[in-house]
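>>> based on what follows, work out the 3D shape:
(2 chains)
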Amino acid sequence: GEEVAQTPKHLVRGEGQKAKLYCAPIKGHSYVFWYQQVLKNEFKFLISFQNENVFDETGMPKERFSAKCLPNSPCSLEIQATKLEDSAVYFCASSQFTGENTEAFFGQGTRLTVV
Amino acid sequence: AQSVTQLGSHVSVSEGALVLLRCNYSSSVPPYLFWYVQYPNQGLQLLLKYTSAATLVKGINGFEAEFKKSETSFHLTKPSAHMSDAAEYFCALNGEGRRALTFGSGTRLQVQP
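Below is the predicted model of the structure:
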């Protein structure tokens, strides 16, 4: 597709429940990034993929967060046993990455509310 | 480690007035810098990017930014604000081989009639 598609748009989970978010990158883009935007508007990098391989996972809380990008499937970000502090908007971005000046294209985000 | 600082979390201007949003960066390698805009309940849209080809970069919607290495700055300007410019603006940095962007904390621009 011509845009990064994220589903669902909104997700509400009770504390301790699992949350799974999906991202379809732009066709032909080899890099996928996940960011978390919390109430103060700061974007926190979580993880990036080069095709189906993890490229950089330095931002991932390892205990409860996991992510995958499998061939011919949307990428996913899963949070096991959600906590109130996980409430945020999660953005996915993709890029072709031909150099450090390559722009990333962002999806509309998934707003996760943990109650 | 690289970082981005945006001075002023809120900026308010009158319609027709100059817009100046400040961004300073820290990087151990030559930086690649971006300005993104976020409208309410939307994702990020690229306004412009610095690629080392020219220090003055023109973007969409009449915005431009000037890269000043001596001041480690990449401030965003627009000569005349429109009501439609009201949004959140993020300065971001790429470099040091991470591929992912490092964002500033954002500046909310309000445009008064």
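>>> every contact and neighbour count from this point should use C-alpha atoms.
OK.
>>> and the residue of chain A found nearest chain B, how far is that from residue A:5?
Per Cα to the nearest Cα, residue A:108 is where chain A lies closest to chain B, at 4.2 Å. As for residue A:108, its distance to residue A:5 is 7 Å (criterion: Cα to Cα, to the nearest Å).
>>> hmm, back to that, state the number of residues packed around the residue of chain A closest to chain B.
A count of nearby residues for residue A:108, using other Cα atoms under 10 Å in any protein chain shown, gives 21.
>>> show me what contacts it?
If a contact means Cα atoms under 8 Å, 6 or more residues apart in numbering or on different chains, then residue A:108 has A:4-6, A:9, A:91, B:41-44 as its contacts.
>>> so for the most centrally placed residue in chain A, what's the nearest residue that isn't a sequence neighbour?
Closest to where the C-alpha atoms of chain A average out (Cα atoms, centre = their mean) is residue A:34, at 3.3 Å. Once flanking residues are discounted, residue A:34 sits nearest to residue A:92: 4.6 Å by Cα to Cα, 6 or more residues apart in numbering or on different chains.
>>> you'd agree the one you found is up against residue A:32?
Yes. Under the criterion of Cα atoms under 8 Å, residue A:92 makes contact with residue A:32 at 7.0 Å.
>>> show me which residues of chain A sit near chain B.
Taking Cα under 8 Å from any Cα of the partner chain as the test, the list of chain A residues beside chain B reads A:33, A:40-45, A:48, A:56, A:91, A:97, A:100-101, A:103, A:105-109.
>>> out of these, which are buried?
Applying 16 or more other Cα atoms under 10 Å in any protein chain shown to those, the neighbour count classes A:33, A:41, A:43-45, A:48, A:56, A:91, A:97, A:100-101, A:103, A:105-109 as buried.
>>> among those, name the ones in strands.
A:33, A:43-45, A:48, A:56, A:91, A:105-106 (DSSP state E).
>>> closest one of those to residue B:22?
The closest of these to residue B:22 turns out to be residue A:43 (Cα to Cα; 17.7 Å).
>>> kindly state the beta-bridge partners for that closest one.
residue A:37 (DSSP bridges).
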